[in-house]
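J.: Here's my sequence, what's the structure:
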Amino acid sequence: MAQPQSPTWSMPRGVIVLLGIAALVVAVAGTRAFAGVVGPTFLALMLTVVVHPLPEWLRRTGVPNWIATVLAILVVYAILGILVLSLVFSTARLATLLPTYADDFDGLVADVQKLLSDNGIGQDQIHDLLSKLDASTIFGLVDGILTGALSIFSNLLFVLVLLLFMAVDASSYTPRTAILLRTRPDIADAFRRFSSGTRTYLVVSTVFGLIVAVIDAGALWAMGIPLPVLWGLLAFITNYIPNIGFVIGLIPPALIGLLQGGPKLMIAVIVVYSVVNVVIQSIIQPKFVGDAVGLSVTLTFLSLVFWSWVLGPLGAILAIPLTLMAKALLVDIDPATRWVDVLVSSGPPPEPEKSTASPPAPETDGPELVEGSPHKDEKSPEE
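T.: The predicted structure follows:
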């Protein structure tokens, strides 16, 4: 029996790998150059994917197609509008609040200088250590975090218009997917897994982000930290950032606690944030997300670093959905590359089910004659 031939390559495989890497570098450079367009476009796509089940459900209940589409768009517009207006209003209030802590900060620096001096550290070393530590630096850090959060919505008008067009196109998504499933099932399955995984991740992250925001804001209000609603909104937004999101949301209220009540209040804020976020994000939330993401912890962190570098703050928020789309386009879409799932998934793939079929028939030197074959009863010319 002839052995199966290995696939032939028109050029050395190493050259093909190098060309693929070069093409990937060019694509990344182009994406980074047009980050102001690519980022908002993908944000609009994610919002369309998340709200897609709503108009589908409305259509099944008998609501006309155009009304279902308009209602879905209005829901997204309302959510984005409330979020942006709350951030703008709270940030404006923070700008008037921070200067009132300048004297408290100077007193805190003086206490640190005295503590270091009492422990035998010279004045030159103290000056070198604290020379760049002033109120403007600390307040600039807080302002930078909030500015980064607001920059996500810098192209809000573009997102709103693009979302309108995508929502209209999505009204015919289901029948087009059915056609694609019949003609190219591998591609349809890759896009289906991307949509369902992204939707599950974003919906669960949104629900638990709201829970974390409410608990954090309530705890900060009880401890007397100013602007608890602003810090709750920041905790909600940073909940979408994997691995280090809650640390970014913790920095501003912890600094405000340090300036207002000293180290004890700052430690209290850190403890509350750590307990709430570790319990909810590390223990409870993964049980609901399940295998929707299916990315290893290392790949999740690297995706955060990579997409933040490519798209800025918006890339940090959408790092997981962006990675899922890249995985769908580069891995899941082709059966020949699905072996990569073994390397990038969060756990080992499921064991294949043992086949209960009978073992294959032994090989013969000639074609096997089965019952009903038209050649079974025919005699050879020699006979």
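J.: so which strand or helix has residue 62?
T.: In the assignment (DSSP states H and E), residue 62 maps to no helix and no strand.
J.: Burial check on it, number of neighbours?
T.: 7 (other C-beta atoms under 10 Å). No exception for glycine: its C-beta is placed from N, CA and C like everyone else's.
J.: How confident is the prediction for it, by pLDDT?
T.: Residue 62 carries a pLDDT value of 82.
J.: Check what contacts stretch 49-63 and list those residues.
T.: Outside stretch 49-63, the residues within contact range by C-beta atoms under 8 Å, 6 or more residues apart in numbering are 65, 67-69, 71-72, 75-76, 167, 170-171, 173-174, 195, 198-199, 202-203.
J.: actually stretch 66-84, not the one I wrote
T.: So stretch 66-84 is contacted by 47, 51-52, 54-56, 58-59, 63, 150, 153, 156, 159-160, 163-164, 167-168, 170-171, 233 (C-beta under 8 Å, 6+ apart).
J.: same question, stretch 243-257
T.: Under C-beta under 8 Å, 6+ apart, the answer for stretch 243-257 is 101, 138, 141-142, 145-146, 212, 216, 220, 223, 225-227, 231, 234-235, 237-239, 241, 265-266, 268-270, 273-274, 277, 281, 297, 300-301, 304.
J.: So how do I select the buried members of those residues in ChimeraX?
T.: Remark: buried members of the contacts of stretch 243-257, expressed as a ChimeraX selection using 16 or more other C-beta atoms under 10 Å:
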select :101,138,142,145,146,212,216,220,223,225,226,227,231,234,235,237,238,239,241,265,266,268,269,270,273,277,281,300,304
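J.: Give me the subset of the contacts of stretch 243-257 lying in helices.
T.: 138, 141-142, 145-146, 212, 216, 220, 223, 231, 234-235, 237-238, 265-266, 268-270, 273-274, 277, 297, 300-301, 304 (DSSP state H).
J.: Would you mark the buried spots in stretch 247-266?
T.: Counting neighbours by 16+ other C-beta under 10 Å, stretch 247-266 gives 248-261, 265-266 as buried.
J.: In terms of distance to residue 89, which of those residues ranks first?
T.: Set against residue 89, the nearest of those by C-beta to C-beta is residue 252 (16.0 Å).
J.: residues of the one helix or strand residue 92 maps to that come out buried?
T.: If you go by DSSP H and E, residue 92 is part of helix 65-97. Residues of helix 65-97 classed as buried by neighbour count (16+ other C-beta under 10 Å): 68, 69, 72, 73, 76, 80, 83, 87, 90, 91, 94.
J.: Stretch 304-324 now?
T.: For stretch 304-324, the neighbour count (16+ other C-beta under 10 Å) marks 304, 306-308, 310-324 as buried.
J.: check contacts around residue 173.
T.: residue 52 are the contacts of residue 173 under C-beta under 8 Å, 6+ apart.
J.: try 10 Å this time
T.: Contact analysis of residue 173 by C-beta atoms under 10 Å, 6 or more residues apart in numbering lists 48, 49, 52, 55, 56, 166, 191, 195.
J.: what residue ranges in the stretch 251-383 of the chain score low on pLDDT?
T.: 286-293, 337-339, 341-383 (pLDDT under 70).
J.: what are the ranges of the helices in it?
T.: Listed in chain order, the helices found in the stretch 251-383 of the chain under DSSP state H, counting those that start in this stretch are 263-277, 285-289, 297-311, 313-317, 319-327, 341-344.
J.: Format those helices as JSON lines; extra columns: distance to residue 35.
T.: Listed next are the helices of the stretch 251-383 of the chain as JSON lines, based on distance: least, C-beta to C-beta, whole Å:
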{"stretch": "helix 263-277", "distance to residue 35": "29"}
{"stretch": "helix 285-289", "distance to residue 35": "27"}
{"stretch": "helix 297-311", "distance to residue 35": "5"}
{"stretch": "helix 313-317", "distance to residue 35": "8"}
{"stretch": "helix 319-327", "distance to residue 35": "12"}
{"stretch": "helix 341-344", "distance to residue 35": "24"}
